[in-house]
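**Q** Next comes the sequence, and after it the predicted model I'd like to discuss.
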Amino acid sequence: MVSLNLKVDEMKKTLLALMIPSLLLMGTTQAVELYNDQTNSVNMIGWLGFAALNDGHETSVIDNFSRVGFRFDRQEKNGWSSFAHTEWGINMVTSDDGLIYTQGQGGGQLSASKNSDFLFNRLGYVGMSHEKWGKISFGKQWGAYYDVAYTTDVLNAFTGWSVGAYTFGDGGLTGAGRADAALQYRNTFGNLHVAVQYASKQNSDVALYDGSGAPLKDGSELSFEPSYGASVTYNFTDKFKVLAGFNRGDFTGNLAGQEVDNTNQIIGIGAQYGSFYQYAPGRDADGLYVGFNAHKSEQNELVGGDLYDSTGAEFIVAYQYDNGFVPTVLLTYQDLDTDVDTAIQGKWTRQFAVLGLHYRYSRDTIMYVEAKIDFSSMDDKAYEDLQDNNYAVGIRYFF
């Protein structure tokens, strides 16, 4: 088992990594066209979102995963087209400033300290596509494994907790979520869609910190080797499909003089019926939506600074009525593989239900209420106390 404390900015934004549209998998769901000369086109994609979130103790107004992106497309010769996609998350609610008090003669002085950026990178990739030869892309993009995970990762506030794609924040390091430095190939053969991926950072070293947040000075060093993954999707009908996928990489190095050679891996299956409005082309969706995924992973679930093997699953059912109301129910389950050699030695099972009601005031303006009802079971009361009931009320303005 690998034990580590990673000081990664994305880990401080876990909530921001949970609800993300699969733009690469499904194309631009809706966009504002900024330019089109029949050869080149530029579209703006994104939304602004806000929510009042109660975490079981207090209520705060938070940014609800606001982002803005640009999609560039160009018609090339011989049936090829090229594309590029950039996307940034936006902190719309607070500048996350801290206050610094400087003592001086006759008193003190307050000044502001910036703790986070207004914009942060989410996606950035370029590629080429052909109707027959498929699509190849390079950069930070949705991983091949996310094809499986996104089937339930569709709600606004409480979702994606047990899909296994977001290790270390956004899954960029492992390649299962928003993969960093990834080379990806996709193609469709009849009813079968295939995706394969290779991801490798130029510098794969992992920054290591002790429990107090100070860099380790005992000679410890750790690298995450290039990862690879794949997924297959079979469309039985226009509405129903089944999926399977995997992603794998390796940690190598040493921690406090102990050699480390551990595999990070996830294998999963999924199924989907219908379309959820946030990911449907033009956000045109109606009727029943059902999504499911389940996975088994090794050294992929980060809890209390330690990596664990785990089993997880999510199931969602939603129905969009013609009057704009979309009731939803999500069930999520995550169980850590613990034993006498792990930091957590007893039972650790996180499970909860999410009851939601979304209202589509128009196609591009959504109001919602979501309630997370927890019934986790953990032997360690300190961990179980962290699994509170949560509630959120919010709005999203798509453009």
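**A** Structure's in. What do you need? Numbering: from 1, shown residues only.

**Q** Residue 390: neighbour count?
**A** Around residue 390 sit 19 other residues, with neighbours defined as other CB atoms under 10 Å. All C-beta atoms are positioned from the backbone trio N, CA, C, and that covers glycine.

**Q** got the contact list for it?
**A** Contacts of residue 390 were listed using CB atoms under 8 Å, 6 or more residues apart in numbering, and they are 53-56, 157-158, 371-372, 374.

**Q** Now do it against residue 192, distance only.
**A** Distance, residue 390 to residue 192, using CB to CB, to the nearest Å: 39 Å.

**Q** likewise residue 354?
**A** With CB to CB as the criterion, residue 354 and residue 192 are 32 Å apart.

**Q** more neighbours, these two?
**A** Ranked by neighbour count (other CB under 10 Å), residue 354 and residue 192 place residue 354 first, with 24 against 11.

**Q** Surely the more buried one and residue 327 touch.
**A** No - with contact defined as CB atoms under 8 Å, residue 354 does not count as touching residue 327 (11.5 Å).

**Q** Next, give phi and psi for the residue nearest to residue 261 when sequence neighbours are not counted.
**A** Distance criterion CB to CB, 6 or more residues apart in numbering; nearest residue to residue 261, sequence neighbours excluded, is residue 252 at 5.4 Å. The phi/psi pair for residue 252 (degrees, to the nearest 10) reads phi -130, psi 150.

**Q** what does residue 302 give?
**A** According to degrees, to the nearest 10, residue 302 has phi -100, psi 120.

**Q** picking up where we left off before, my guess is the residue nearest to residue 261 meets residue 264, correct?
**A** No - with contact defined as CB under 8 Å, residue 252 does not reach residue 264; the gap is 11.0 Å.

**Q** who's more crowded, those two?
**A** residue 264 (24 against 14).

**Q** so the more buried one sits right up against residue 174, yeah?
**A** Yes - with contacts counted by CB under 8 Å, residue 264 reaches residue 174, the gap being 5.6 Å.

**Q** Tell me the residues that contact both of the two, please.
**A** Contact criterion CB under 8 Å, 6+ apart; residues shared by residue 264 and residue 174: 167, 224, 227, 249, 300.

**Q** what's the strand or helix carrying the last one packed up against?
**A** Spelled out, that is residue 300. Residue 300 is part of strand 287-303, with elements assigned from DSSP states H and E. If you count contacts as 3 or more CB pairs under 8 Å, 6 or more residues apart in numbering; DSSP states H and E, strand 287-303 packs onto helix 146-149, strand 258-273, strand 306-320, strand 325-336.

**Q** May I see the buried residues of the third one?
**A** Judged by neighbour count using 16 or more other CB atoms under 10 Å, the buried positions of strand 306-320 are 306-318, 320.

**Q** what packs against it?
**A** strand 287-303, strand 325-336.

**Q** got a list of what the closest residue to residue 351 other than its chain neighbours touches?
**A** Excluding the flanking residues, the one nearest residue 351 by CB to CB, 6+ apart is residue 333, at 4.8 Å. Residues counted as contacts of residue 333 (CB under 8 Å, 6+ apart) are 162, 311-314, 349-351.

**Q** Kindly report the same for residue 173.
**A** Going by CB under 8 Å, 6+ apart, residue 173 touches 167, 180, 201, 206, 224.

**Q** quick one, phi/psi of it?
**A** Taking degrees, to the nearest 10, you get phi -70, psi -50 for the backbone angles of residue 173.

**Q** any idea how far residue 222 is from it?
**A** Distance from residue 173 to residue 222, by CB to CB: 11 Å.

**Q** again with residue 309
**A** Distance from residue 309 to residue 222, by CB to CB: 18 Å.

**Q** Let's see which of the shared contacts of residue 264 and residue 174 end up in strands.
**A** Of these, the ones assigned to strands by DSSP state E are 224, 227, 249, 300.

**Q** Quick check: of the residues you listed, which lies closest to residue 337?
**A** residue 300 (10.6 Å; CB to CB).

**Q** Am I right that that closest one is in contact with residue 262?
**A** No - using CB under 8 Å, residue 300 is not in contact with residue 262; the gap is 10.5 Å.

**Q** which one of the two has more residues nearby?
**A** residue 300 (27 against 16).

**Q** So, low pLDDT: which residues of the stretch 51-200 of the chain?
**A** Scanning the stretch 51-200 of the chain with the threshold set as pLDDT under 70 gives 94-117.

**Q** how about 50 then?
**A** Scanning the stretch 51-200 of the chain with the threshold set as pLDDT under 50 gives 111-112, 114.

**Q** And the contacts of stretch 367-379?
**A** The set of residues external to stretch 367-379 that reach it, using CB under 8 Å, 6+ apart, is 155-158, 328, 346-359, 361, 384, 387-396.

**Q** Appreciated, that's everything.
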